[in-house]
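# fold the following and give me the result.
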Amino acid sequence: MTSLVPEQTIGATKAGFDTAFGVASKALLGFEKLIELNAQTVKATLAEAQELAAKSLSRKEPQAVFAVQTSQLQTAVQKAQAYWTHVNEIVSSTQAEFEATAKTVFKQPAFDTKAWFDNLSKNALPGVPGGDAIAAMWKASFGAAGQTASAAYAAATKATKKAVETAASEA
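Residues are numbered from 1 along each chain as shown. The predicted model follows:
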């Protein structure tokens with residue numbers, strides 16, 4: 001007995017799962033980088049606060065305490081700018097990886113839903129009673145779903161670019 005599911009369909013499904021898990025891994029890697037950056041920032045901030053407190057307490061005159069705190073403020077602004085630059089780099093590289101993956105997936109012939117359903121209807125449905133009606137329904141339903149997915153991808157790409165631009169302008 002031959003399989004109702006063509007090998008091309010099985011391969012496309014496997015490739016889809018591989019892509020989904022690859023994208024999830026890239027997202028997790030970006031998230032890990034942000035967590036690591038935040039942990040380093042908190043550790044450095046605590047150490048600097050302790051050092052500032054020690055310097056401030058060792059000064060006898062109020063002007064000396066004020067001078068120490070003023071110099072630390074300038075350093076803090078520079079460090080905040082460096083932090084947001086690093087966040088922007090992580091987000092941008094993760095976005096670039098997502099875009100590259102999405103472009104690769106959308107260029108694959110297996111992603112062409114019309115061709116996929118044409119292949120399925122030719123290989124799996126000819127001997128099935130009412131197979132032509134089923135194939136027509138699938139083509140109409142999933143063709144519309146494919147167009148919706150393409151529109152959603154375009155909207156997500158636009159929103160991601162806008163978020164990166166906003167983060168970059170605030171850095």
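
# leaving out chain neighbours, which residue sits closest to residue 94?
The shortest distance from residue 94 to any non-neighbouring residue, by Cβ to Cβ, 6 or more residues apart in numbering, is to residue 30 (3.5 Å). Placement of C-beta: from N, CA and C, glycine included.

# can you report how many residues lie near the one you found?
Residues near residue 30, counting by other Cβ atoms under 10 Å, number 18.

# how much space between it and residue 18?
From residue 30 across to residue 18, the span is 19 Å (Cβ to Cβ, to the nearest Å).

# likewise for residue 44?
From residue 44 to residue 18 the distance is 39 Å (Cβ to Cβ).

# sorry, back to before: show me the contacts for the residue nearest to residue 94.
For residue 30, the contacting residues are 90, 91, 93, 94, by Cβ atoms under 8 Å, 6 or more residues apart in numbering.

# pLDDT at it, what is it?
Per-residue pLDDT puts residue 30 at 87.

# that one: which element?
helix 7-58 (DSSP states H and E).

# and the following helix or strand past that helix, what other elements does it pack with?
Per DSSP H and E, the first helix or strand lying C-terminal to helix 7-58 is helix 62-107. Packing partners of helix 62-107 (3 or more Cβ pairs under 8 Å, 6 or more residues apart in numbering; DSSP states H and E): helix 7-58, helix 131-170.
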